[in-house]
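**Q** Sequence and predicted structure, then a few things I'm wondering about:
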Amino acid sequence: MKIIKETLSSLLLAAGICVTSYAQQKEVVIGNKLPETLIQVQYGSEKKTINLKDLYKDKLLIIDFWATWCVPCLKEMKFLDSLRFKHPEELNVLMVTRESNSIISEFFSQARNRDITSKNLMISVSDTVLHKLFPHRGIPHNVWIDKTGTVRAITSQTAVTIKNILGFQHGEKPSGMRMKKEVAFDPAAERFSAGDTSFTYRSIITRKIPGIYSGGSFTVPEGEGTKRHFIWNGFLLRAFWNAYSEFNPHLRLNLIEIHTRDSLKFIPPSREYARLLKGSKYADYDAWKDDHAVFYDLNLRKGVPNSKFRDFMFNDLEREFNVEAKIEKRPVKCVVITKKGKIRNAEQGNPLERTEISRKIGFKISIRNATIADFAHFMFRDFPKTSDVVPNPLVIENITDSTTRFNAELDFTNDVDPINQMITPEMVYNKLKKFGYRFKEEMRQYPILVLYDRD
């Protein structure tokens, strides 16, 4: 396989897209014909201007909206590139992104992305027009166009399979394909349904609403506790995890224990858990999602401490889904942080200043006015923005000055692997040794989330 920089690192396109004037603002829906559209693309090492009608002539065209930060998009890109290499007469793929030439070029020039290839696909960057023709919120977002130029389906990534693609081209009705129709939805709105705005406490739970992507948000006003948590088309296990973890974005199954006769009640059957579908009434993940996706909106007039907000969430979810949630201690592998004496070789922080731990340009992490507890929180919650998810919780033991604040600039430029180009947790721990801290993996009794069926 050729390294991707041969095909994509030279994506220095003007990326100008032109369509006939009558189609500039009109949304294209299932059943409509694709308007005459000229678009500039990168195809292998060549850039050229094409008419979209040349892409669906005598074959299926998939317009795939994507972004470099979207992991499912990148997996889908690799799959489609491989499939088109094997079946060039059956399929054309146009990868469309809002991101600029510089972002795309930088992303694919990195060594860690060397396994992502698109030499059999066409790519359009800095797009605005196709996004107006096919508005959407979630990605990957796939538009299926037949050889007559008619939009036949708009789907998520779950429909992008060998069986569906080859069957679609030959006039067969693809099994398990779901038509994706999005509806107007603003998760930042005060309420997502009609209601009295004079409430002091409001909790709303509904089942899946078709046409809306999945997501979640929480609101913590300055100087207050948590005020609102909103999950849209999400899942029960994620809702309980959010309450238990104080909205840690990275779910860790090693901190969850489930006692149930029906694993599908809690665990989405995707990736390694797709095996749970065997013997069930669900043909695929989408069928399961139809039965299990939920909307949950807990909204308070004033913020409350996280522990109280968690209890509110537990009570709502337990009552609605006939589940009992507890926080119980279990033996868990932890990263134990210890230190002897005072902090060494670090600038002391100021308790009156703001705490900030962040990644800087290059392979650097800045610690400003933070305690060791702030650092542990960063590693377990925010470090995945820098590297892989830290799987095990961090606990602090026998540190008498744990409230002391310090400043540090950690530079990993000479430590990162030239291939993976990732900062690992171990690299961070090694850097902090010079300040007197020690990090060791050991078993500890740790409070985890435990879920029980009530029926």
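**A** Alright, I've got the coordinates.
**Q** going forward, measure contacts and count neighbours with C-alpha atoms only.
**A** Fine.
**Q** Low-confidence ranges, this structure, go.
**A** Low-confidence segments of the chain, defined by pLDDT under 70, span residues 1-25, 44-45, 111-115, 117, 172-199, 222-223, 345, 384-388.
**Q** can you give me phi and psi for the most centrally placed residue in it?
**A** The centroid of the chain falls nearest to residue 70 when counting by C-alpha atoms, centre = their mean (6.6 Å). The phi and psi torsions at residue 70 (degrees, to the nearest 10) take the values phi -90, psi 100.
**Q** separation between it and residue 282?
**A** Computed with C-alpha to C-alpha, to the nearest Å, the distance linking residue 70 and residue 282 is 27 Å.
**Q** What segments of the stretch 201-350 of the chain are helices?
**A** According to DSSP state H, counting those that start in this stretch, the stretch 201-350 of the chain carries its helices in the segments 236-245, 285-292, 306-321.
**Q** closest to residue 360 out of these?
**A** Residue 360 lies closest to helix 236-245 among the helices of the stretch 201-350 of the chain, at 26.5 Å (C-alpha to C-alpha).
**Q** what's the angle from the closest one to helix 285-292?
**A** Between helix 236-245 and helix 285-292, the angle formed by their directions is 60 degrees, by axes from the mean of the first three to the mean of the last three C-alpha atoms, to 10 degrees.
**Q** CA-only coordinates of helix 236-245 in CSV, if you can.
**A** Output for helix 236-245, consisting of C-alpha atoms alone and laid out as CSV, is shown next (Å, rounded to 0.1, in the frame of the first residue of the first chain):
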residue,chain,number,x,y,z
LEU,A,236,-29.6,4.2,28.6
LEU,A,237,-26.1,3.1,29.6
ARG,A,238,-24.6,6.4,28.4
ALA,A,239,-27.2,8.3,30.5
PHE,A,240,-26.3,6.4,33.7
TRP,A,241,-22.6,6.8,32.9
ASN,A,242,-23.0,10.5,32.5
ALA,A,243,-24.7,10.8,35.9
TYR,A,244,-22.1,8.6,37.6
SER,A,245,-19.0,10.1,36.0
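**Q** Which strands or helices does that helix pack on?
**A** Using 3 or more C-alpha pairs under 8 Å, 6 or more residues apart in numbering; DSSP states H and E as the contact criterion, the neighbours of helix 236-245 among helices and strands are helix 306-321.
**Q** Which other helices and strands does the helix it packs on contact?
**A** Using 3+ C-alpha pairs under 8 Å, 6+ apart: helix 306-321 touches helix 236-245, strand 323-339.
**Q** Turn the ones you listed into CSV, columns for distance to residue 206 and mean neighbour count.
**A** Conversion of these to CSV gives the following (distance: least, C-alpha to C-alpha, whole Å; neighbours: other C-alpha atoms under 10 Å):
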stretch, distance to residue 206, mean neighbour count
helix 236-245, 12, 21
strand 323-339, 17, 17
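**Q** Among the ones you listed, which comes closest to residue 410?
**A** Comparing those by their distance to residue 410 (C-alpha to C-alpha), the top pick is strand 323-339, with 18.0 Å.
**Q** Return the list of helices and strands in contact with the closest one.
**A** When contacts are defined as 3+ C-alpha pairs under 8 Å, 6+ apart, strand 323-339 sits against helix 306-321, strand 394-396, strand 437-453.
**Q** want to throw those into CSV with distance to residue 165?
**A** Written out in CSV, the entries for those read as follows (distance: least, C-alpha to C-alpha, whole Å):
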stretch, distance to residue 165
helix 306-321, 38
strand 394-396, 46
strand 437-453, 40
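**Q** need those in a markdown table with mean neighbour count and distance to residue 262, can you?
**A** Shown next, in a markdown table, are the helices and strands packed on strand 323-339 (neighbours: other C-alpha atoms under 10 Å; distance: least, C-alpha to C-alpha, whole Å):
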| stretch | mean neighbour count | distance to residue 262 |
| --- | --- | --- |
| helix 306-321 | 16 | 13 |
| strand 394-396 | 17 | 32 |
| strand 437-453 | 16 | 9 |
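**Q** And these: which comes nearest residue 412?
**A** Ranking these by distance to residue 412, with C-alpha to C-alpha as the measure, places strand 437-453 first at 17.8 Å.
**Q** Not counting the closest one itself, show me its contacts.
**A** By C-alpha atoms under 8 Å, 6 or more residues apart in numbering, the surrounding residues in contact with strand 437-453 are 241, 244, 255-261, 322-340, 343, 429, 432.
**Q** Not counting sequence-adjacent ones, nearest residue to residue 340?
**A** In space, residue 340 comes closest to residue 436 once its chain neighbours are excluded; the distance is 6.7 Å by C-alpha to C-alpha, 6 or more residues apart in numbering.
**Q** contacting residues for the one you found?
**A** Residues in contact with residue 436, defined by C-alpha under 8 Å, 6+ apart, are 339, 340, 341, 342, 343, 344.
**Q** Make a PyMOL selection of the buried ones in the residues you listed.
**A** This is how PyMOL selects the buried members of the contacts of residue 436, with burial counted by 16 or more other C-alpha atoms under 10 Å:
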select buried, resi 339+343
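**Q** Between the contacts of residue 436, which sits nearest residue 76?
**A** When the contacts of residue 436 are compared for distance to residue 76 (C-alpha to C-alpha), residue 339 comes out closest, at 46.1 Å.
**Q** what pairs with the closest one across the strands?
**A** Here residue 339 shows beta-bridge partners residue 437, assigned using DSSP bridges.
**Q** How much space separates it from residue 372?
**A** With the distance defined as C-alpha to C-alpha, residue 339 ends up 10 Å from residue 372.
**Q** and if you look at residue 57?
**A** Summarising the geometry, the distance separating residue 57 from residue 372, computed by C-alpha to C-alpha, is 62 Å.
**Q** Neighbour count: these two, which is higher?
**A** Here residue 57 and residue 372 are compared on neighbour count by other C-alpha atoms under 10 Å; more neighbours surround residue 372, at 19 against 15.
**Q** Wait, that one touches residue 403, no?
**A** Yes. The pair formed by residue 372 and residue 403 meets the contact definition of C-alpha atoms under 8 Å, at 7.3 Å.
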